[in-house]
Every structure is written in structure tokens, then in C-alpha cells.
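> Here you go, sequence then predicted model.
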Amino acid sequence: MQADSFDAGPSLSATLFVPATNERALGKLEALSPDAVIYDLEDAVAPDRKGEARERLRDHFRVHRTAPFHRVVRINPLRGPHGTEDMLAAVACLPDAILLPKVEQPSDILTLAEALSSISNAAAFRIWAMIETPRGMMNLSVIGELGRAPAARLSALVAGTNDLVAMSGMAPGPDRANIIPFLAQMVMAARAGGLSVLDGVFNDIADGDGLSSECGQAAALGFDGKTLIHPAQIEAARAAFTPSGQEQDRARQIVDAFADPVNSGKAVIKVDGQMVEHLHRDAALRLLRRAYRRESASQGDK
């Protein structure tokens with residue numbers, strides 16, 4: 001199977017949050033080469049430093065006009081005192097997407113989409129939505145459906161697990177058992193809307209084993225990647241979301257078997273003694289797309 005048969009969208013397996021006020025961290029990004037960077041104007045920036053954060057963001061993008069990774073700016077909520085200025089600063093920087101926090105209903109996204117449509121140089125911008133409140137969780141299905149509406153610009157959901165846990169009063173518990181149903185629901189909403197979906201952050205920077213375990217759990221749940229708070233977490237996320245060689249070989253075997261003219265029109269075929277259906281072929285294609293995106297991102301790092 002040829003590589004160009006795959007969707008060449010960005011790999012998002014290791015998506016790093018960086019405060020826009022942290023000039024030292026911003027300066028190291030190109031050497032680190034995560035798959036994506038979220039430049040944070042919201043939670044990581046104190047209220048009295050919002051203006052400074054916007055200025056540093058503009059300065060950084062002025063110097064670094066391109067980057068070897070997907071670039072996203074997280075703004076403050078539009079309904080708050082900093083949202084509009086954040087949005088205008090983000091637009092001036094020409095990132096790939098704007099991340100809207102605390103999305104609770106479709107109108108939150110549509111309001112931002114309408115605002116972007118009125119700005120001439122924002123034509124190609126996409127919107128990412130953070131789901132991190134109980135109300136946002138309750139409205140997930142209708143939020144996810146916006147992925148099918150081009151005018152909404154929505155391309156990704158991001159789990160805000162810290163806020164969700166705090167606002168719901170839940171304790172995550174061992175292996176996040178208490179919040180697994182909500183994480184799975186987020187994946188289902190993303191798939192229904194044709195969206196990418198990223199897991200929340202892992203807070204204990206020193207716990208490498210815990211991070212690897214949680215990344216593996218997120219990959220098993222169907223997430224496309226993990227949001228990160230420290231560069232030391234990048235490799236663990238990449239490892240968890242990169243299909244193994246054995247998995248890729250099996251996926252190619254299934255896809256090639258369905259492409260064989262002898263199996264044309266068949267709904268069920270046998271591959272290595274196992275019965276496989278079109279749903280298995282679709283899953284195999286998704287896995288190969290993920291592997292191709294990771295390979296393409298790795299080549300871009302070199």
C-alpha cells in the first residue's frame with residue numbers, strides 16, 4: 001500500500017502546552033519538536049500578565065514564522081474579559097488552530113467561528129474545543145456533531161481532565177477508573193463528528209511509569225494523542241500512540257486482502273484463518289493512517 005493513499009493530516013500524539021509568558025520554554029520548542037504545541041494564554045497565565053502573554057506570543061510568531069509542528073493558541077473564553085483580545089492576538093500570529101476552553105454548548109464554538117469568518121486573514125483557521133465542565137460533557141453529542149458542519153471550523157476535542165475532576169467533585173482513583181466513562185464518551189463524540197480527540201494532561205512530571213501507563217490507556221481508549229505539560233513527557237506519548245511494526249503488518253494484510261480482486265464484493269473474508277469484516281478493514285486503515293502521520297512527523301524532525 002502506497003503512503004500517499006493515507007490522509008496526511010498532522011500527528012497529534014504528543015501535544016505540549018507552553019505558557020505564552022515562558023520565553024525560555026518558547027525558545028526551546030524547535031529543538032524539542034513535539035507533534036503539536038498549544039501556546040497557552042489561559043490557565044497558565046496570571047490575570048495581571050495577560051497583556052504580556054499576548055505580546056510575547058506575537059513576538060515569538062514574528063521570529064518563528066514557521067515550525068516543524070502543528071501550532072495552536074489557547075485563548076480565554078470569549079465571554080470573559082480577555083477572550084476577544086486573545087482571539088485577535090492569535091489571529092495575527094497565523095497558527096493552525098485556536099483552542100477554545102470551557103466549551104459547554106455549540107453556540108460557544110459557533111460564536112468564535114463567526115468572529116473568525118469576519119477576519120480576512122483567518123480563513124483557514126480551525127477550532128479546537130476543550131471539554132472540561134459537567135455541562136460540556138452533557139452536551140458532548142451536539143458539540144461533536146459540529147465536526148460535520150464546515151462553517152463551525154471544529155476539528156478537535158481536548159479533554160480538560162483537571163477541571164472536569166475539580167468541577168464534578170470526583171476523585172480519579174486508581175487508573176482513572178472513575179472518569180473512564182467520560183473519557184470514552186468524549187472519544188465516541190469525536191468519532192461521530194469526524195474529529196481528532198486528545199486526552200488530558202498527566203500532572204506528576206517525575207512519575208515516568210505512571211505517564212506511560214496513562215498514555216497507553218488513552219491509546220487503548222481510542223484517543224489520537226495526549227496533551228502534555230513538560231518536554232520530558234514527549235517520548236512516552238509518542239511511543240504509546242505509534243502502532244507497533246506487528247500491528248502495522250497485520251493492518252496491511254487486512255487492507256490488502258480486501259483489495260484483492262478475488263475478494264471483490266465480499267462482506268466477510270478469511271485472513272490467516274480469522275474471519276474479518278469491513279469494520280476490521282476500516283480499523284486497519286485508521287491504524288495505518290496513524291502510523292503514516294507519525295512517520296511523516298518523524299521525518300520532519302530530521
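Perfect, I can see it now. Numbering: from 1, shown residues only.

> in this protein, which ranges drop under the pLDDT threshold?
1-9, 293-302 (pLDDT under 70).

> Can you list phi and psi of the residue nearest the centre of the chain for me?
With distances taken as Cα atoms, centre = their mean, residue 198 lies nearest the centre of the chain, 4.0 Å away. With angles defined as degrees, to the nearest 10, residue 198 sits at phi -120, psi 140.

> what bridges to it?
Beta bridges link residue 198 to residue 158, residue 225 when assigned by DSSP bridges.

> List the contacts of it.
If you count contacts by Cβ atoms under 8 Å, 6 or more residues apart in numbering, residue 198 has them with 12, 15, 156, 157, 158, 159, 223, 224, 225, 226, 227. Glycine gets a C-beta too; all of them are placed from N, C-alpha and C.

> Now with 7 Å, please.
12, 15, 156, 158, 159, 223, 224, 225, 226, 227 (Cβ atoms under 7 Å, 6 or more residues apart in numbering).

> Would you mind giving the residues you listed as JSON lines with neighbour count and distance to residue 22 added?
Formatted as JSON lines, the contacts of residue 198 follow (neighbours: other Cβ atoms under 10 Å; distance: Cβ to Cβ, whole Å):
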{"residue": "12", "neighbour count": "28", "distance to residue 22": "21"}
{"residue": "15", "neighbour count": "30", "distance to residue 22": "16"}
{"residue": "156", "neighbour count": "26", "distance to residue 22": "23"}
{"residue": "158", "neighbour count": "29", "distance to residue 22": "20"}
{"residue": "159", "neighbour count": "26", "distance to residue 22": "23"}
{"residue": "223", "neighbour count": "27", "distance to residue 22": "26"}
{"residue": "224", "neighbour count": "26", "distance to residue 22": "26"}
{"residue": "225", "neighbour count": "29", "distance to residue 22": "22"}
{"residue": "226", "neighbour count": "30", "distance to residue 22": "20"}
{"residue": "227", "neighbour count": "26", "distance to residue 22": "16"}
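
> Just send those residues back as JSON lines, with distance to residue 277 too.
Conversion of the contacts of residue 198 to JSON lines gives the following (distance: Cβ to Cβ, whole Å):
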{"residue": "12", "distance to residue 277": "28"}
{"residue": "15", "distance to residue 277": "33"}
{"residue": "156", "distance to residue 277": "29"}
{"residue": "158", "distance to residue 277": "32"}
{"residue": "159", "distance to residue 277": "30"}
{"residue": "223", "distance to residue 277": "24"}
{"residue": "224", "distance to residue 277": "24"}
{"residue": "225", "distance to residue 277": "28"}
{"residue": "226", "distance to residue 277": "30"}
{"residue": "227", "distance to residue 277": "34"}
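
> can I assume residue 199 is in contact with residue 218?
Yes: in terms of Cβ atoms under 7 Å, residue 199 counts as a neighbour of residue 218; the distance is 3.8 Å.

> Overlap of the contact sets of the two?
In contact with both residue 199 and residue 218: residue 226, using Cβ under 7 Å, 6+ apart.

> And residue 272, how far from residue 220?
23 Å (Cβ to Cβ, to the nearest Å).

> Repeat that for residue 98.
30 Å.

> Those two - which one has more neighbours?
Counted by other Cβ atoms under 10 Å, residue 98 and residue 220 do not tie: residue 98 has more neighbours, with 25 against 9.

> hang on, that one in a strand?
Yes: judged by DSSP: H, G, I helix; E, B strand; the rest coil, residue 98 forms part of a strand.

> Alright, that wraps it up for me.
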